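Chemist: sequence first, then the predicted structure:
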Amino acid sequence: MKSFSLKSWMGLDSDQGEDDRKFVRVGRVDDVAPGAGKVVVVMGRDVGLFNCGGTFRAVENVCPHNNRPITVLF
């Protein structure tokens with residue numbers, strides 16, 4: 001399985017500063033409670049979105065070890 005890079009998939013270079021980041025709106029902050037996660041579809045791909053104490057993190061929703069979803073679709 002080929003490694004997936006969310007940054008390169010969205011057209012971001014590693015040398016871009018934080019102010020140059022691109023964002024895709026997938027919902028409201030209140031949609032994901034702190035400590036919770038959900039699956040959202042971004043540009044046709046399932047992405048696991050997690051609220052880590054008010055900081056949001058997104059990863060491809062596929063475990064690299066067994067090629068299965070990390071987060072269950074709701």
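Modeler: All right, it came through fine. Nothing here was measured: the structure is a model prediction, and the numbers come from that model.
Chemist: let me know the average pLDDT across stretch 33-41.
Modeler: Mean pLDDT, computed over stretch 33-41, is 91.
Chemist: in what helix or strand does the nearest residue to R68 once chain neighbours are set aside lie?
Modeler: Counting by Cβ to Cβ, 6 or more residues apart in numbering, R68 lies nearest to V62, which is 7.2 Å off, once chain neighbours are set aside. (Glycine included, C-beta is placed from N, CA and C.) In the assignment (DSSP states H and E), V62 maps to no helix and no strand.
Chemist: pLDDT score assigned to V62?
Modeler: 83.
Chemist: that one against V47, yeah?
Modeler: No - contact criterion Cβ atoms under 8 Å: V62 and V47 do not qualify, at 9.9 Å.
Chemist: out of those two, which sits in the busier spot?
Modeler: V47 (21 against 17; other Cβ atoms under 10 Å).
Chemist: could you look up the SS state of that one?
Modeler: strand (DSSP: H, G, I helix; E, B strand; the rest coil).
Chemist: now do the contacts for L49.
Modeler: 26-27, 32, 37-40, 56-58 (Cβ atoms under 8 Å, 6 or more residues apart in numbering).
Chemist: need the strands for the protein, in chain order.
Modeler: With strands called from DSSP state E, the chain shows them at 37-42, 45-52, 55-60.
Chemist: how about the ones you listed in JSON lines, adding distance to R68?
Modeler: Listed next are these as JSON lines, based on distance: least, Cβ to Cβ, whole Å:
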{"stretch": "strand 37-42", "distance to R68": "13"}
{"stretch": "strand 45-52", "distance to R68": "12"}
{"stretch": "strand 55-60", "distance to R68": "12"}
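Chemist: number of nearby residues for P34?
Modeler: The tally of other residues near P34 (other Cβ under 10 Å) stands at 10.
Chemist: can you check the one 10 residues further on too?
Modeler: The burial metric for G44, expressed as a neighbour count using other Cβ under 10 Å, is 5.
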